[in-house]
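>>> Give me a model of this one.
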Amino acid sequence: MRFGRSRTTRAGLAPILDGFRRVFRALRRSSSDAHARFGLGGAQLYVLRVLANAPALSMNALAERTHTHQSSVSVVVARLVRRRLVRSVRSRDDARRVELAVTPKGRRLAGRAPEAAQERLVHGLLRLAPARRAELARSIAALVAAMGVESEPATMFFENDRAPARRRRSPRA
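Numbers count the residues shown, from 1 in each chain. Below is the predicted model of the structure:
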């Protein structure tokens, strides 16, 4: 791959890259803020807020509402359950089905938390005309193919980000 292409070939790349930079910066900043303020990663905050704005949801329904794969959202939910922000309950309609519900602690946190950048991204995409979204989807698919990253997992943004571990004080002698 040659990076020294002519000016006309490179023309138009800066606005595209700047757009990606702005979106990724907003996502990263939102995740960092969520860590600093609430001890949650950006994906955790996003999932918590989606759950807080809905009645109890199945894992599949949550994956649909977060526009991600069920396996990806289940990793995030497991972290929220461990923190006692979300709990799984048997469905009233079907005892075989498990639903996810926000705990009172999770609801308080979600109420204090600002809108996650992922929410703003989804809302922004929904504001685009359907034809524009379809064009964007095709363009991003072509970019993914051109980069050769089709086999990379499409996990939630900053799914693997975790709050920094708190340091324990060493006992004084």
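
>>> Against which helices or strands is whichever strand or helix holds Val75 packed?
Using DSSP states H and E, the element containing Val75 is helix 70-82. Applying 3 or more C-beta pairs under 8 Å, 6 or more residues apart in numbering; DSSP states H and E, we find helix 70-82 packed against helix 42-52, helix 59-66, strand 86-90. In this view, the C-beta of every residue, glycine as well, is placed from N, C-alpha and C.

>>> Mind putting these into JSON lines with mean pLDDT?
Supplementary listing: the helices and strands packed on helix 70-82 in JSON lines, determined by pLDDT from 0 to 100:
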{"stretch": "helix 42-52", "mean pLDDT": "93"}
{"stretch": "helix 59-66", "mean pLDDT": "94"}
{"stretch": "strand 86-90", "mean pLDDT": "89"}
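
>>> Of these, flag the one that's most buried.
Of all the helices and strands packed on helix 70-82, helix 42-52 has the most neighbours on average by mean count of other C-beta atoms under 10 Å, namely a mean of 26.

>>> quick one: it to strand 86-90, angle?
Interaxial angle, helix 42-52 versus strand 86-90 (axes from the mean of the first three to the mean of the last three C-alpha atoms, to 10 degrees): 50 degrees.

>>> excluding its backbone neighbours, what's nearest Arg107?
Ala52 (5.6 Å; C-beta to C-beta, 6 or more residues apart in numbering).

>>> next one: the helix holding Val75 to chain centre, how far?
12 Å (C-alpha atoms, centre = their mean, to the nearest Å).

>>> Show me what it is in contact with.
Helix 70-82 is contacted from outside by 41, 43-44, 47-48, 51, 59-60, 62-63, 66, 86-88, 100, 106, 153-156, 159, using C-beta atoms under 8 Å, 6 or more residues apart in numbering.

>>> List the buried residues of the longest helix along the chain.
Longest helix in the chain by number of residues (criterion: DSSP state H): helix 13-38. In terms of neighbour count (16 or more other C-beta atoms under 10 Å), helix 13-38 has its buried residues at 27, 30-31, 33-35, 38.
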